[in-house]
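1. Fold the following and give me the result.
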Amino acid sequence: MSLPRKGSRRIVVNGIAYCWTVRRKPTYSQALTESPLSFAVEREEMPGTTLLVHADGPRADNWMNATPAPPVTPAVVERAIRAALAQGWCPGMKGGAWVLPRKEAAQTA
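-> Reported below is the predicted structural model:
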């Protein structure tokens, strides 16, 4: 499944263009702070496996008024992409979502 182009942002890492996005609305579990803020990344040309990165806290628009995670900035996305590539993510291969391990995602924030 491909990320929607509308609302996604572009970033170039090591000469390869990627698109990344944060969901517009929280999922039910994110709204209840049961799941953290997450964002998805995929290769712009020949999208394959999507990278899913979980932040170290809830979304800012959660229903429980919990302290939100730091914002997702291009620098955070770049560090997540580099960490995922080092851990074995192959963005050009077909397949299901590849989740960046929680400890690696926490280091990107």
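2. which residues sit in contact with the residue nearest the centre of the chain?
-> In the chain, the residue lying closest to the centroid (CA atoms, centre = their mean) is Phe39, at 2.6 Å. Phe39 sits next to 20-22, 52-53, 55, 72, 77, 80 when contact means CB atoms under 8 Å, 6 or more residues apart in numbering. (C-beta placed from N, C-alpha, C; glycine too.)
3. Export those residues to TSV and append columns for neighbour count, pLDDT and distance to Tyr28.
-> Formatted as TSV, these follow (neighbours: other CB atoms under 10 Å; pLDDT from 0 to 100; distance: CB to CB, whole Å):
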residue	neighbour count	pLDDT	distance to Tyr28
Trp20	23	96	23
Thr21	18	95	19
Val22	18	94	16
Leu52	18	95	17
Val53	28	95	20
Ala55	22	88	18
Val72	20	91	20
Val77	22	94	25
Ala80	27	95	24
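4. quick one: buried residues of the longest helix anywhere in the chain?
-> Determined from DSSP state H, the single longest helix within the chain is helix 74-87. By 16 or more other CB atoms under 10 Å, the buried positions in helix 74-87 come out as 76-81, 83-84.
5. nearest to Gly7, of those residues?
-> When the buried residues of helix 74-87 are compared for distance to Gly7 (CB to CB), Val77 comes out closest, at 14.5 Å.
6. Gly48 should be in a strand, yeah?
-> No - looking at Gly48 with DSSP: H, G, I helix; E, B strand; the rest coil, it is coil, so not inside a strand.
7. so it makes contact with Gly96?
-> No - at 10.5 Å, Gly48 does not count as touching Gly96 under the criterion of CB atoms under 8 Å.
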